[in-house]
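Visitor: Any chance you can model this:
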Amino acid sequence: MRPLWGYYRGTRRHRDGFRARTGTMSLKTALETLGSRPCDHMIEVIERPDHTDAWYRMSQSGEIEWSVFDDFRSSVDWPTVRYWREMATHYPAAKIVLSTRDPESWYKSVSERSTVA
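Guide: The predicted structure is shown next:
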């Protein structure tokens, strides 16, 4: 049913996982502009307590609760990128978007915009 899933890889050094400051909000906006909306993003986990609980359960059990994707046609950002291989198998017609970012550029961006409490 979902024609497009976006998986965003953070940097060349951090394979198969999310790193902040990698443009996931821009990719979310692009996918939604192209018609693949709504697009799941980390903000959905924060705004949906039932999803927070489901993602926690999945992190503990390793079993995917596919119902967390029912309202979405695409997905970027953590925690969905953790399961990109399983999603590709579950949704065989899906398109996977793999992106990279130069590690030095990523580090500079994170350093300039992050604060340590």
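
Visitor: Determine the three-state secondary structure at the residue most central in space within the chain.
Guide: By Cα atoms, centre = their mean, the chain has its centre lying nearest to residue 77, at 2.3 Å. Following DSSP: H, G, I helix; E, B strand; the rest coil, we place residue 77 in the coil state.

Visitor: Was I right to think it contacts residue 46?
Guide: No. Using Cβ atoms under 8 Å, residue 77 makes no contact with residue 46, being 11.0 Å away. In short, each C-beta sits where N, CA and C put it, glycine included.

Visitor: Just name the shakiest helix or strand of the chain by mean pLDDT.
Guide: helix 103-113 (a mean of 77; mean pLDDT, DSSP states H and E).

Visitor: quick one: buried residues of it?
Guide: Neighbour-count burial for helix 103-113 flags 106, 109 (criterion: 16 or more other Cβ atoms under 10 Å).

Visitor: circling back: so for the residue nearest to the centre of the chain, what's the pLDDT?
Guide: Listed pLDDT for residue 77 reads 80.

Visitor: Could you do residue 94 as well?
Guide: 82.

Visitor: Burial check on it, number of neighbours?
Guide: Counted with other Cβ atoms under 10 Å, residues neighbouring residue 94 total 19.

Visitor: average model confidence for the biggest helix by length in the chain?
Guide: Longest helix in the chain, counting residues (DSSP state H): helix 49-61. Helix 49-61 shows a mean pLDDT of 90.

Visitor: List the buried residues in that helix.
Guide: So, applying 16+ other Cβ under 10 Å, buried residues of helix 49-61: 51, 54, 55, 58.

Visitor: got it, and stretch 69-81?
Guide: For stretch 69-81, by 16+ other Cβ under 10 Å, it's 69, 72, 73, 74, 75, 76, 77, 78, 79, 80, 81.

Visitor: Next: stretch 39-49.
Guide: 39, 40, 41, 42, 44, 45.

Visitor: Please work out which residues outside it touch it.
Guide: 6, 24-25, 28, 31-32, 51-52, 55, 68-69, 72-80 (Cβ atoms under 8 Å, 6 or more residues apart in numbering).

Visitor: Nothing else from me, thank you.
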